[in-house]
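Asker: Have a look; sequence and predicted model below, questions after that.
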Amino acid sequence: MRVLGPDGKVQSRKVRIGLNDKVMAEVLEGLTEGELVMTGEASAPSQGTTNRRLMGPPPIGG
């Protein structure tokens, strides 16, 4: 799993997954609430690419 660190650099992490129904997964270890998780495949940035789409945790309660 890749996480955006506080310094703005991508960090690789090992996580332990609990319940998983292929739509949602329970993370038991390796992440803390509020960390930004990188999704998709790692690839070299295209020329002229400046935006990166990041996803964080869903809002509490929904």
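Answerer: Here it is on my side, so go on.
Asker: drop to CA atoms for contacts and neighbour counts, all remaining ones
Answerer: OK.
Asker: Quick check: N20 vs E26, distance?
Answerer: 6 Å (Cα to Cα, to the nearest Å).
Asker: With K14 instead?
Answerer: Distance, K14 to E26, using Cα to Cα: 14 Å.
Asker: For the closest residue to M1 other than its chain neighbours, give me its contacts.
Answerer: Leaving aside its chain neighbours, M1 sits nearest to R13 (5.2 Å; criterion: Cα to Cα, 6 or more residues apart in numbering). The contact partners of R13, taken as Cα atoms under 8 Å, 6 or more residues apart in numbering, are M1, R2, V3, G30.
Asker: Of those residues, keep whichever come out buried.
Answerer: Neighbour-count burial (16 or more other Cα atoms under 10 Å) applied to the contacts of R13 gives R2, V3.
Asker: Closest one of the contacts of R13 to V37?
Answerer: V3 (4.5 Å; Cα to Cα).
Asker: I'd guessed the closest one sits against V10; true?
Answerer: Yes - V3 is within contact range of V10, at 5.6 Å (criterion: Cα atoms under 8 Å).
Asker: all strands for the chain, in order.
Answerer: Per DSSP state E, the chain carries strands over the ranges 2-4, 10-12, 16-20, 25-29, 36-38.
Asker: Need the residues that contact the fourth one.
Answerer: Outside strand 25-29, the residues that touch it by Cα under 8 Å, 6+ apart are V15, R16, I17, G18, L19, N20.
Asker: Can you tell me, leaving aside adjacent residues, what's nearest to the fourth one?
Answerer: Looking back up the chat, that one is G18. Nearest residue to G18, sequence neighbours excluded (Cα to Cα, 6+ apart): E26, at 5.0 Å.
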